[in-house]
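Enquirer: how does the following fold in three dimensions:
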Amino acid sequence: MTRGNTPTKTIPTGWVSFVGSGPGDPGLLTLRAVELLKEAEVVITEAPEHEALVRTVLGLPIPVEPKEGEAAPAIPVGPEFVDGGFGEDGQPLTHASRGRVVVRHGKKARVVRLMTGDPFLYASGPEEAQACVKAGIGFDIVPGVSAVQAVPAYAGIPLTDKTHREVAVVTCGGAVDWSQYADDRTLVLLSGVGSIGETAKALMAAGRSAQTPVAVTRVGTTTEQATTISTLEHVAVDVRTMRVAPPAIIVVGDVVNLRETLSWFETKPLFGWRVLVPRTKEQAGSVSRRLRAFGGVPEEVPTISVEPPRNPLQMDKAVRGLVEGRYEWIAFTSVNAVKAVREKFEEYGLDARAFSGLKIAAVGDKTADAIAAWGLRADLVPTGEQSAAGLLAEWPPYDELLDPINRVFLPRADIATETLVAGLVDLGWECDDVTAYRTVRATPPPAPTRDAIKTGKFDAVVFTSSSTVRNLVGIAGKPHPSTVIAVIGPATAKTAEEHGLRVDVISPNPDVDELVDALADFGTARRLAMVEAGQPVTKPSDRKASGRRKVGSK
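Expert: Residues are numbered from 1 along each chain as shown. Here you go, the predicted model:
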């Protein structure tokens, strides 16, 4: 708004959004929560893990401590993070102190006050919101999934069923009159691990059966979740024996018995498995997402760095030839090849129109998807084996009557096989075999990661190419014998065996999704075998093999 020719200053007003983060699983954040986090200038956290959660959800880099002798890394982009749970002395802030922190930032910025669970359920949200009202700061509430219902659900325990319709939530921090909970309604106990022995005795004294089922679930909705099933009579001993520590949610009642048939989270094929993903950083995302869907905990360790060719002249010449109509076909053998050509096009100010009249081949569906993202369509994608051999099997021979040009442009890596080139020549084609990018060995991972690889702290490793095998062994050493080795195909399996590794899982097709699916099938079979044998279900890292099994053994 202006008055005459003099603009009036707009005084920035702050705003606070109280957002529930849920109990731990980032997938439980609401769409509205993610939207507000994208717009936030300041995020006031409640738990130590909140900053990493926000950065993960928003796709922002997570700060890392510099190695000894290295300069401190640049501060990553993103909102300002303020600790709203603990003071500078490391002590928990009071509700009043938290309110003051929120008001101070809320007066001048768009703030997301991120709170565990739901802001208005067993949280300090009401007190902090009242502080905003008193200070004249606008606010809104974005409900979150409370641990009260989420953790039992992730443990496979419904709080109600057709015969149990009432639920009582009890905070065990202070004095509780347990005599009012003598009936058979479901009880959800908060902050109750330390006093579970006294609580169980009080409930039995009030009239509850000693055989009443009890479930204690710690670190719920995360891949560290663990559930102890007991009874009121034995729960104190079981919690002590299993060394159950907070945070934990306790459920008391007959609904606990339903876990035997409804457990779905802790029974995922790769639940809690720490899986090493040795790929380029750009390629690791799809593998990691699929591993998480099966309950795995992926850890991406780049073993390959993709860099431009040392001499770009050959690539420059080929791209000029493409524009001038020198080629009948262009064959992409990887997503990286698509990326390299696209970057070269952008460097020259070209776009997809330069492909007019050119036939395009892709070695597989993932490469075809990368081509499609460029606005192009692959004319040839193998319907069978998705490899150079599969592409050759369906490539048409050169026909001088039907094909006006007999030349193929093959942009590839510097370490690519010559199989495709030789096969195209046999079919009558001339091939310009051009190095579009180089794959070089990445720097070694941090010492703790190298130690974990060698000592069996990883449950599995997924190898997506022979080069990832060679480079991982080169920069970090061989995985421990107890680690499950999964490979994308026979060639990668052969390389793994040549490096002294036992191969447990081979993908039925050279596809990363099918590779992860095959590893999940292995995990399922392993779990079922343990259950049928009456053994506790463990992860591969929970044991240390005395020696390598024979290749192909399970």
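
Enquirer: when you work out contacts or count neighbours from here on, use the C-alpha atoms and nothing else.
Expert: OK.

Enquirer: check the offset of stretch 274-281 from the chain's centre.
Expert: Distance, stretch centre to chain centre, for stretch 274-281: 11 Å (Cα atoms, centre = their mean, to the nearest Å).

Enquirer: list the buried residues of it.
Expert: R274, V275, L276, V277, P278, R279, T280 (16 or more other Cα atoms under 10 Å).

Enquirer: count of residues packed around R208?
Expert: Using other Cα atoms under 10 Å, the number of residues around R208 comes to 19.

Enquirer: is it in a helix, a strand, or coil?
Expert: coil (DSSP: H, G, I helix; E, B strand; the rest coil).

Enquirer: ok, it - contacts?
Expert: Counting by Cα atoms under 8 Å, 6 or more residues apart in numbering, R208 touches A182, D183, D184.

Enquirer: give me the subset of those that lies in helices.
Expert: Mapping the contacts of R208 onto helices (DSSP state H) picks out no residues; all lie outside.

Enquirer: ok, and the most crowded of those residues?
Expert: D184 (17 neighbours).

Enquirer: tell me how far the nearest residue to it once chain neighbours are set aside lies from K201.
Expert: Nearest non-adjacent residue to D184, counting by Cα to Cα, 6 or more residues apart in numbering: G253, 6.6 Å away. Distance of G253 to K201, computed by Cα to Cα, to the nearest Å: 15 Å.

Enquirer: in strands, which of the contacts of R208 appear?
Expert: Among those, DSSP state E puts none in strands.

Enquirer: distance to G500 and pLDDT added to those, as TSV?
Expert: As requested, the contacts of R208 are exported to TSV (distance: Cα to Cα, whole Å; pLDDT from 0 to 100):
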residue	distance to G500	pLDDT
A182	62	93
D183	62	93
D184	59	92
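
Enquirer: buried ones in the helix or strand R342 falls within?
Expert: Using DSSP states H and E, R342 maps to helix 335-348. Within helix 335-348, the residues that qualify as buried are V335, N336, A337, V338, K339, A340, V341, R342, K344, F345, counting by 16+ other Cα under 10 Å.

Enquirer: give the contact list for the residue nearest to D184.
Expert: D184, R185, T186, L187, T212, P213, V214.

Enquirer: that older thread, would CSV of the buried residues of stretch 274-281 with secondary structure and pLDDT be doable?
Expert: Formatted as CSV, those follow (DSSP: H, G, I helix; E, B strand; the rest coil; pLDDT from 0 to 100):
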residue, secondary structure, pLDDT
R274, strand, 97
V275, strand, 97
L276, strand, 96
V277, strand, 94
P278, coil, 89
R279, coil, 74
T280, coil, 62
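
Enquirer: in CSV, list those along with distance to P152.
Expert: Listed next are these as CSV, based on distance: Cα to Cα, whole Å:
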residue, distance to P152
R274, 24
V275, 26
L276, 30
V277, 31
P278, 35
R279, 36
T280, 38
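
Enquirer: neighbours of K539, how many?
Expert: So K539, with other Cα under 10 Å, has 20 neighbours.

Enquirer: phi, psi for the closest residue to T217 other than its chain neighbours please.
Expert: By the measure of Cα to Cα, 6+ apart, the closest residue to T217 outside its immediate chain neighbours is T227, 4.3 Å from it. In this entry, T227 is assigned phi and psi values of phi -120, psi 130 (degrees, to the nearest 10).

Enquirer: could you list the domains of the protein?
Expert: Per automatic domain parsing, the structural domains of the chain span 14-63+75-145, 149-262, 274-303+443-542, 307-441.

Enquirer: K268: which of those domains is closest?
Expert: When these are compared for distance to K268 using Cα to Cα, the nearest one is domain 274-303+443-542, at 5.6 Å.

Enquirer: what is the end-to-end distance of that closest one?
Expert: Span of domain 274-303+443-542 from end to end, Cα to Cα: 11 Å.

Enquirer: and A361, which of the three is it?
Expert: strand.

Enquirer: how about the strands in the stretch 1-150 of the chain?
Expert: Here the stretch 1-150 of the chain has its strands, by DSSP state E, counting those that start in this stretch, at 2-3, 6-7, 15-20, 42-45, 80-83, 110-115, 138-142.

Enquirer: can you put those strands in a markdown table and add mean neighbour count, distance to P445 and mean pLDDT?
Expert: Rendered in a markdown table, the data for these read as follows (neighbours: other Cα atoms under 10 Å; distance: least, Cα to Cα, whole Å; pLDDT from 0 to 100):
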| stretch | mean neighbour count | distance to P445 | mean pLDDT |
| --- | --- | --- | --- |
| strand 2-3 | 8 | 58 | 40 |
| strand 6-7 | 8 | 56 | 45 |
| strand 15-20 | 26 | 35 | 97 |
| strand 42-45 | 24 | 30 | 96 |
| strand 80-83 | 16 | 28 | 94 |
| strand 110-115 | 27 | 33 | 97 |
| strand 138-142 | 17 | 40 | 97 |
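
Enquirer: adding distance to E418, write those out as a markdown table.
Expert: A markdown table is the format used below for the strands of the stretch 1-150 of the chain (distance: least, Cα to Cα, whole Å):
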| stretch | distance to E418 |
| --- | --- |
| strand 2-3 | 70 |
| strand 6-7 | 69 |
| strand 15-20 | 55 |
| strand 42-45 | 53 |
| strand 80-83 | 51 |
| strand 110-115 | 55 |
| strand 138-142 | 57 |
